[in-house]
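J.: any chance you can model this:
(2 chains)
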Amino acid sequence: MVKAIYPKGKIVAKTGNEVMAEAMRQISPDVVAAYPITPATEIVQIFSQFVADGKVPTEYVAVESEHSAMSATIGASVAGARAMTGTSSQGLALMWEMLYIAAGLRLPIVMAEVNRALSAPINIHGDQSDTMGARDAGWIQIYSENSQESYDNMIQAVKIAEKAKLPTMVTTDGFIISHCMEVVEVYPDEDVKAFVGEYKPERALLDYKKPFTLGAIELQDYYFEHRWQLAEGMRNAKQIVLDVAKEFKNKFGREYGFYEKYKMDDAEVAIVTIGSAAGTTKFVIDELREKGIKAGLIKIRVYRPFPADEIAKDLAKVKAFAVLDRADSCSGNFAPVYLDVVSALFANGINIKSENYVYGLGGREISTEHIAEVYTKLDKIAKNQVAPSKTVEYINVRIK
Amino acid sequence: MIEVRWHGRGGQGAKTAALLFGEAVLATGKYIQAFPEYGPERMGAPVQSFNRISDHPITIHSGITDPNFVVILDPTLMETVNVVEGIGPEGKVIVNTSFSSEEIAKKLGINKSQVFVVNASQIAQETIGMNIPNTPMLGALVKVIGNLDLNGVLEDTKKKLEVKFRHKPQVIDGNIACIKRAFDEVKNS
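T.: Residues are numbered from 1 along each chain as shown, chains lettered A, B, ... in the order given. This next block holds a predicted model:
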């Protein structure tokens, strides 16, 4: 029987896009500037309908491109507004230079991002190449396994961004979550509003009584210090993420952290992954446990800032693990999440046998069988029956 | 967990049926998923949509390959699409047709006990005046699955339709009548 966790919560059937738009309505930002793109279109379409129907007092700016969407959002944010946007794939790519500016100016913009493959070849389906490419932009990145998490993450993102003074993107897997209707618990408007609170920027360009300069040129004299501050701000954001998660749990009852551990207490083999495939992995783990394979999962929620020491500590006890990446950074080396995980282990002096798999590019199916095969191989690696691969492996791709 | 695959043609409401069905089943207290297959979106092209139903939270997010139930909105799809793919010996197929279960079973190469038939197009014509077979097939599916609460489904579907068609009350009543009639008329003979 489906039950609400929060006593005043309401159970609804909604898609990822619908709940992200719902969260935006409840957050009620001062400004939203956005340009539609599949599969994120519905988010701004539904939100703009809320604006048209007078259900939210937001100033909605219909722009002519994503570059302008991010520019207008930045403009609103520096003026002192709580500003949000939403996009996907090529849209995020077109925002690229402005992403770095939003971070460099320390603007707490929140973006709803639906993960989709990048062209070419053109493809509208889900993979995480778009936001993985933006992982060095200075944005906090929070990934969602399902619609419930995307809703909860959006609400938390506003507080995290404003406390950390860092732009924050919340993602869902394109179509798999963005267009999948599932059970979501939503909270009353007033409770969400009370949780996110009123935005009181420390400085705003429209506050003419306290004038200041923003975005000035800094060459060899100051640039490095400001970029160090940005990096330090990202490091400091870790505690903020945890504080907001704690506050969220106290209020609404759902528990969040940097990542979720599923059956890791006694796990001998583990998968580390991000997004909707983690849910499918949980399903596989339950089946494997019945067959005696001690499988576990670490599902990364907060990828930037990367919880390196924490993950190293939690992976330390397994005999073998695999990282499943839904993006291939074409580095000639390994895929992004694997590189972060193994560098975290190395820095902590931990050496565990591991493999890196790239899966699901352009929405390619990842089935329970595919995931079970990874665990089966890990089990053999753990028992020294086979050696781990030294290069990236690919799941469900036709390679000649 | 129960998995359902809907086969229809673009414009017949296969996606809407899966969404309506999912919401209605949630209203009876079960966990659900409803999702369409996204491909070329053309009127008349073969399309699929899917449902999962469970008493427990559903974490799986891969595609549905071995459905327990297959709903076929347009019988001509049986000519061009492998509608019985992955259903196994226990899977059940519900077809919008005027033919008998025996005739359809022969055509699909499966057991007669697996085939349920209902003339959803005729029901839709007679109740809402249009050949939109999705809501009658929803009623037939509720009947064939068996352990779902019809009244709960009807109540929730009515609520959803009232929001969507608030200026066309006859559409609401017609669709509700469709669900009830198909629930009563779907048969394995």
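J.: contacts and neighbour counts: CA atoms only from here.
T.: Fine.
J.: element containing A:Phe321, please.
T.: Assigned by DSSP states H and E, A:Phe321 falls within strand A:320-325.
J.: give the buried residues for the helix or strand just after that strand.
T.: As assigned by DSSP H and E, the chain's next helix or strand after strand A:320-325 is helix A:336-347. Neighbour counts over helix A:336-347 (16 or more other C-alpha atoms under 10 Å in any protein chain shown) mark A:Pro336, A:Val337, A:Tyr338, A:Asp340, A:Val341, A:Val342, A:Ala344, A:Leu345 as buried.
J.: now what about the helix or strand that helix A:336-347 is followed by, what contacts it?
T.: Counting by DSSP H and E, the element after helix A:336-347 in chain order, helix or strand, is strand A:353-358. The contact list for strand A:353-358, computed with C-alpha atoms under 8 Å, 6 or more residues apart in numbering or on different chains, reads A:319-328, A:334-335, A:338, A:381-382, A:388-395.
J.: do stretch A:37-44 as well
T.: Against stretch A:37-44 from outside (C-alpha under 8 Å, 6+ apart): A:17-18, A:20-21, A:34-36, A:86-88, A:91, A:113-114, A:116, A:124-125, A:174-175, A:178-179.
J.: quick one: which of those sit in strands?
T.: With DSSP state E as the criterion, strands contain A:Ala34, A:Gly86, A:Thr87, A:Ser88, A:Glu113, A:Val114 from among the contacts of stretch A:37-44.
J.: who touches the last one in this structure?
T.: This means A:Val114. Residues in contact with A:Val114 (C-alpha under 8 Å, 6+ apart) are A:Pro39, A:Ala40, A:Thr87, A:Ser88, A:Ser89, A:Thr171, A:Thr172, A:Asp173, A:Gly174, A:Ser178.
J.: farthest pair within those?
T.: Within these, A:Ser89 and A:Ser178 form the most distant pair, 13.4 Å apart (C-alpha to C-alpha).
J.: just to revisit the earlier point, give me the buried subset of the contacts of A:Val114.
T.: With neighbours counted by 16+ other C-alpha under 10 Å, the contacts of A:Val114 contain buried members at A:Pro39, A:Ala40, A:Thr87, A:Ser88, A:Ser89, A:Thr171, A:Thr172, A:Asp173, A:Gly174, A:Ser178.
J.: dump those residues into JSON lines; add pLDDT as well.
T.: Listed next are the buried ones among the contacts of A:Val114 as JSON lines, based on pLDDT from 0 to 100:
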{"residue": "A:Pro39", "pLDDT": "97"}
{"residue": "A:Ala40", "pLDDT": "97"}
{"residue": "A:Thr87", "pLDDT": "98"}
{"residue": "A:Ser88", "pLDDT": "98"}
{"residue": "A:Ser89", "pLDDT": "98"}
{"residue": "A:Thr171", "pLDDT": "98"}
{"residue": "A:Thr172", "pLDDT": "98"}
{"residue": "A:Asp173", "pLDDT": "98"}
{"residue": "A:Gly174", "pLDDT": "98"}
{"residue": "A:Ser178", "pLDDT": "98"}
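J.: who in the stretch 151-300 of chain A is up against chain B?
T.: A:175-176, A:179-183, A:276-277, A:279-283 (C-alpha under 8 Å from any C-alpha of the partner chain).
J.: which strands or helices does the strand or helix carrying A:Gly233 pack on?
T.: A:Gly233 belongs to helix A:223-252 when assigned by DSSP H and E. Packing contacts for helix A:223-252, counted by 3 or more C-alpha pairs under 8 Å, 6 or more residues apart in numbering or on different chains; DSSP states H and E, involve helix A:96-104, helix A:147-164.
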